[in-house]
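**Student:** Please find the sequence and the predicted model below.
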Amino acid sequence: MLDVTRLRVIDAVARHGSVTAAARELHYSQPSVTHHLGRLEAETGAQLLQRVGRGIRLTEAGRLLAARAAEIIGRIDAVDAELAAHIGLSAGRIRLAGFSSAIGALVPAAMTALAEKHPGLEVSLVDTHPPEAFELLRTGKVDVAIVFRYDETEPEPHGVRLHHLVDDPLYVLSDGPATVADLRDAIWIAGCDRCRSHLIALCAAEGYEPRIGYTSDDMVVMQALVAARLGVTTMPGLALRTHHVAGITASELPGSRRHVYAATYGEPPDPPPVAALVNALQQSAAH
């Protein structure tokens with residue numbers, strides 16, 4: 001049977017790419033990490049590591065085991081959190097991941113309401129993009145992930161369940177009223193690949209490819225560039241709710257919305273703390 005401690009070791013080595021960094025994270029000595037890796041190779045009968053110069057890299061078998069180790073460790077940590085809350089919602093811990101505009105617009109009210117109803121429930125939060133949030137959810141590192149998708153977005157990973165929060169309208173930001181068709185010759189400010197793909201699709205529907213001059217995921221930076229008349233961009237309503245620079249015109253794009261969900265993992269029903277958080281998020285989105 002594989003030892004959980006050794007699985008934590010190979011997971012840390014895979015994430016950091018070195019024994020030294022893994023030892024630092026785990027508060028082990030380097031010889032101790034090396035010993036655990038050697039024992040893991042003996043237990044599995046597979047070569048997990050390959051020396052490259054002064055460093056190491058995982059073999060294909062090592063990468064496979066590290067990926068499974070991350071999932072196993074995440075599930076163990078999730079069980080700890082669920083057991084802590086098994087007696088009810090008077091205590092326990094719940095972990096949330098989400099993207100920045102949803103965190104700014106939806107999470108504060110939800111967490112305030114949750115704290116009033118269940119003051120003993122501890123909530124932790126990480127700001128990240130949906131693909132990374134899905135991975136955190138899949139590996140059990142978070143219990144709930146706030147994500148968004150467009151109509152053309154690929155299906156969610158197997159095992160993920162989506163709880164609808166809000167349909168978020170999309171706006172084009174410029175120095176005056178405009179549509180995507182009007183901005184064929186403009187310089188565009190684009191965000192992450194997931195957001196950019198939708199922008200490219202919007203422009204393609206109007207018969208052109210956007211000329212992207214600036215790249216940023218920071219809504220404040222994007223609006224500052226528009227306000228300085230250096231470019232134009234698209235932005236969802238949740239982001240504008242939390243920050244709107246004076247002098248920018250936001251023109252809603254008819255029929256263009258992103259769908260925002262609270263994602264959970266596994267078969268229903270959700271553990272009580274997870275269900276309580278999802279409900280709080282839905283109430284926040286409704287208002």
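**Tutor:** In hand now; what should we look at?
**Student:** OK, contacts around I76?
**Tutor:** 4, 140 (C-beta atoms under 8 Å, 6 or more residues apart in numbering). In short, each C-beta sits where N, CA and C put it, glycine included.
**Student:** how about the longest strand along the chain: buried residues?
**Tutor:** Longest strand of the chain, by residue count under DSSP state E: strand 249-265. Buried residues in strand 249-265, counted by 16 or more other C-beta atoms under 10 Å: 250-251, 256-265.
**Student:** For it, name the packing helices and strands.
**Tutor:** Contacts defined by 3 or more C-beta pairs under 8 Å, 6 or more residues apart in numbering; DSSP states H and E place strand 249-265 against helix 130-138, strand 144-149, strand 160-174, helix 193-205, strand 233-236, helix 272-286.
**Student:** got a markdown table for those, with distance to R54 and mean pLDDT too?
**Tutor:** As requested, these are exported to a markdown table (distance: least, C-beta to C-beta, whole Å; pLDDT from 0 to 100):
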| stretch | distance to R54 | mean pLDDT |
| --- | --- | --- |
| helix 130-138 | 30 | 91 |
| strand 144-149 | 38 | 96 |
| strand 160-174 | 41 | 96 |
| helix 193-205 | 34 | 86 |
| strand 233-236 | 45 | 95 |
| helix 272-286 | 45 | 93 |
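**Student:** TSV please, covering these and showing distance to V123 and mean neighbour count.
**Tutor:** Listed next are those as TSV, based on distance: least, C-beta to C-beta, whole Å; neighbours: other C-beta atoms under 10 Å:
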stretch	distance to V123	mean neighbour count
helix 130-138	15	20
strand 144-149	9	25
strand 160-174	16	19
helix 193-205	25	16
strand 233-236	24	25
helix 272-286	7	20
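**Student:** In JSON lines, list these along with distance to Y214.
**Tutor:** Converted to JSON lines, the helices and strands packed on strand 249-265 look like this (distance: least, C-beta to C-beta, whole Å):
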{"stretch": "helix 130-138", "distance to Y214": "22"}
{"stretch": "strand 144-149", "distance to Y214": "22"}
{"stretch": "strand 160-174", "distance to Y214": "13"}
{"stretch": "helix 193-205", "distance to Y214": "12"}
{"stretch": "strand 233-236", "distance to Y214": "8"}
{"stretch": "helix 272-286", "distance to Y214": "30"}
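**Student:** and the two most separated of the buried residues of strand 249-265?
**Tutor:** Spatial extent of those (C-beta to C-beta) is set by the pair S251 and Y265 at 37.6 Å.
**Student:** returning to that earlier point: ok, so of the buried residues of strand 249-265, who is nearest A70?
**Tutor:** Y265 (14.0 Å).
**Student:** Make JSON lines from the buried residues of strand 249-265 and add distance to V278 to it.
**Tutor:** JSON lines is the format used below for these (distance: C-beta to C-beta, whole Å):
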{"residue": "A250", "distance to V278": "30"}
{"residue": "S251", "distance to V278": "33"}
{"residue": "S256", "distance to V278": "26"}
{"residue": "R257", "distance to V278": "21"}
{"residue": "R258", "distance to V278": "19"}
{"residue": "H259", "distance to V278": "16"}
{"residue": "V260", "distance to V278": "13"}
{"residue": "Y261", "distance to V278": "10"}
{"residue": "A262", "distance to V278": "5"}
{"residue": "A263", "distance to V278": "9"}
{"residue": "T264", "distance to V278": "7"}
{"residue": "Y265", "distance to V278": "12"}
